[in-house]
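Visitor: 3D, please:
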Amino acid sequence: MSGGGEAVEYHSKDFEWDQLRQEIETDPSLRYHLLPLHVNDDDDDDAHSNGKSSPCSKSLSGSSSSPSHDSEAWNHFHARHSTGKFFKERRYLLKEFPELLSFKEYAKVLEVGCGNGSTVLPILRGKESISVYSCDCCHEALKRAQEMIDAADLVKTKQRFHPFLCDFSISGFPKWLACDPCREGILQKKDMLLSGLYDMTMLRFEPDKKVGFREYIRPDGTRSYFFCLDTVRDLFVHAGFNELELEYCCVKSVNRQKGKSMKRVWVHGKFQKSM
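Guide: Just a heads-up that it's a prediction; the model follows:
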């Protein structure tokens with residue numbers, strides 16, 4: 001795809017997630033991904049034999065790094081990748097969430113963690129009656145997002161994009177995801193929270209990069225947490241939302257130039273505020 005074109009077709013079931021999980025859990029070289037932090041193999045064997053553990057049953061972990069360090073790491077990251085070419089527009093989201101285009105009247109979208117705007121631009125292009133409120137913990141990311149929107153030079157796009165700085169980690173993760181102000185102040189009874197949480201390039205992380213259960217840190221200080229369905233379900237249901245859809249999107253990404261393929265997994269979820 002090039003320019004401002006739309007995704008013609010989107011496949012979300014290129015392979016079965018259960019089959020991928022079986023491959024990972026039976027590969028000794030990947031065993032460390034399944035263990036909680038600072039648990040050795042003998043402890044894990046005992047836990048499994050007693051039926052006390054599963055790869056998706058652990059709660060979200062907390063890390064010892066300060067929020068200011070995490071935010072600064074993302075600032076440096078976006079400063080290094082300032083051209084925007086590092087990120088591809090996520091045009092597939094309009095295929096995954098057709099509700100974004102189905103509203104007959106004016107609609108507002110809140111994006112938590114907007115990065116450089118690679119999600120915002122396709123949504124604004126998709127429908128002129130949508131306004132997007134985008135927040136991020138990184139002021140460099142918001143700066144790049146605004147530059148991307150300005151460069152697109154679409155009619156009335158600038159008036160429909162509202163970026164703001166909000167570092168949720170200061171309040172403690174994962175409380176931000178189910179925060180009362182978001183639930184009570186932003187969403188109305190018939191609104192839906194459309195969640196596309198990223199899950200799995202974790203297999204590329206080495207053991208020494210693991211800082212929590214399903215949480216990893218990169219050499220530049222930025223972090224990734226990989227969600228499973230149970231974790232996402234617990235977060236939203238406990239915050240008062242009804243589950244409409246929740247599944248893994250399994251996409252095989254192929255780099256033809258390098259002759260490599262990679263199995264990518266995202267969590268696709270739709271939740272609606274309780275009536």
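
Visitor: Stretch 150-157 spans what distance, first to last residue?
Guide: Start to finish, the residues bounding stretch 150-157 are 8 Å apart (CA to CA, to the nearest Å).

Visitor: Could I get the average pLDDT for it?
Guide: Looking at stretch 150-157 alone, the average pLDDT works out to 73.

Visitor: Give me the neighbour count for Lys263.
Guide: Applying other CB atoms under 10 Å, we find 18 other residues in the vicinity of Lys263. Any C-beta I mention is one placed from the backbone N, CA and C, and that applies to glycine too.

Visitor: How about Asn255?
Guide: The burial count assigned to Asn255 is 9, neighbours taken as other CB under 10 Å.

Visitor: what sits against it?
Guide: Shown here is Asn255, whose contacts under the criterion CB atoms under 8 Å, 6 or more residues apart in numbering are 261-262.

Visitor: next structured bit after the helix or strand harbouring Leu121?
Guide: Remark: Leu121 resides in helix 120-126, with elements defined by DSSP states H and E. Under the assignment DSSP H and E, the closest C-terminal helix or strand after helix 120-126 is strand 130-136.

Visitor: In CSV, list the C-alpha atoms belonging to that following strand.
Guide: Taking Å, rounded to 0.1, in the frame of the first residue of the first chain, the C-alpha atoms of strand 130-136 are listed here in CSV:
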residue,chain,number,x,y,z
ILE,A,130,-15.2,11.9,13.6
SER,A,131,-13.1,13.8,16.1
VAL,A,132,-10.2,12.0,17.7
TYR,A,133,-8.9,12.8,21.2
SER,A,134,-5.4,11.3,21.5
CYS,A,135,-3.3,11.1,24.6
ASP,A,136,0.2,9.9,25.2
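
Visitor: Tell me which other helices or strands the helix or strand that that strand is followed by touches.
Guide: Beyond strand 130-136 in the direction of the C-terminus, DSSP H and E gives the next helix or strand as helix 139-152. With contacts taken as 3 or more CB pairs under 8 Å, 6 or more residues apart in numbering; DSSP states H and E, helix 139-152 sits against helix 67-80, helix 120-126, strand 130-136, strand 161-165.

Visitor: Note down every partner strand of the third one and its orientation.
Guide: The strands beside strand 130-136 in its sheet (DSSP bridges) come out as strand 107-112 (parallel), strand 161-165 (parallel).

Visitor: Out of those, the one nearest Ser12 is which?
Guide: Taking CB to CB, strand 107-112 is the member of the strands paired with strand 130-136 nearest to Ser12, at 20.0 Å.

Visitor: Using neighbour counts, pick out the buried residues of that closest one.
Guide: Buried residues in strand 107-112, defined by neighbour count with 16 or more other CB atoms under 10 Å: 107, 109-112.

Visitor: quick check, nearest of these to Asp14?
Guide: Glu111 (25.7 Å).

Visitor: quick one: pLDDT of that closest one?
Guide: 87.

Visitor: partner residues bridging it?
Guide: Applying DSSP bridges to Glu111, the residues it is bridged with are Ser134.

Visitor: What's opposite Ala107 in the beta bridge?
Guide: The residues listed as beta-bridge partners of Ala107 by DSSP bridges are Ile130.

Visitor: was I right about it contacting Val132?
Guide: No - at 9.5 Å, Ala107 does not count as touching Val132 under the criterion of CB atoms under 8 Å.

Visitor: re the thing from before, how about CSV for the buried residues of strand 107-112, with distance to Thr119 added?
Guide: Written out in CSV, the entries for these read as follows (distance: CB to CB, whole Å):
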residue, distance to Thr119
Ala107, 15
Val109, 9
Leu110, 12
Glu111, 6
Val112, 11
